[in-house]
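Colleague: Have a look at this prediction, sequence included:
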Amino acid sequence: MRLVGGTDGRIMPSWGLWPLAGSSCSAVTFPERSGRNVGCVGQAQPAPGHGPTGPEVTARGFRAASPALAWVLGGAVLVLAAGAVVLSALAGQLSIDITAGVVIVLTFAGVGLVVARRQPGNPIGWIMVVFTLVYVLGAAANYYAVLYYRLGYRGLPLAPVALLLSAVQAP
């Protein structure tokens, strides 16, 4: 036990559980510790190697890609969407539902493109663009497979690949 001065000037016994004399905060200390190494709540920091250390912390496991890649993926979505519309017209399945679907898909891809281009570290934009790319690729492959297998356009190459890729598009 030791005697320390309280905040009001009184001397009181300390077993290490009261604030030290003259300290600006009331940290709890323990007798088995050699010095005051418990910080005040306002000064609390995470243990080394744990918790964020500053603004340089980014999402774990996601590396930001370049904005140019966002433009390339957005262009691929646009080309595949146009190809899907042409293939659906050749298959005789072009309707207002398909054109409305293309507008919705291109809007979704456009939002993803803007997010991925302006904030390359944000994975949501990249997920939106890649999801749209895969979806439109599946739609184009579906119409391509219909042309080959159902309508008899036997001169088309890569029809088995199109048949496999058509499975990625949900009905």
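Modeller: Perfect, I can see it now.
Colleague: Okay, now the unreliable bits of the chain?
Modeller: 1-62, 170-171 (pLDDT under 70).
Colleague: Can you spell out the domain ranges of it, please?
Modeller: Per automatic domain parsing, the structural domains of the chain span 1-32, 67-168.
Colleague: Out of those domains, which one sits most buried?
Modeller: Burial of these is given as mean neighbour count (mean count of other C-beta atoms under 10 Å); domain 67-168 ranks first at a mean of 17. Where C-beta positions appear, they are placed from N, C-alpha and C, glycine not excepted.
Colleague: Now do the end-to-end distance for that one.
Modeller: Length of domain 67-168, first residue to last, C-alpha to C-alpha, to the nearest Å: 26 Å.
Colleague: the strands in the protein, which residues?
Modeller: Along the chain, counting by DSSP state E, strands occupy 2-5, 11-14.
Colleague: got a list of contacts for stretch 134-142?
Modeller: Contacts with stretch 134-142, where a contact means C-beta atoms under 8 Å, 6 or more residues apart in numbering, come from 77, 80-81, 83-84, 87, 105, 109, 161-170.
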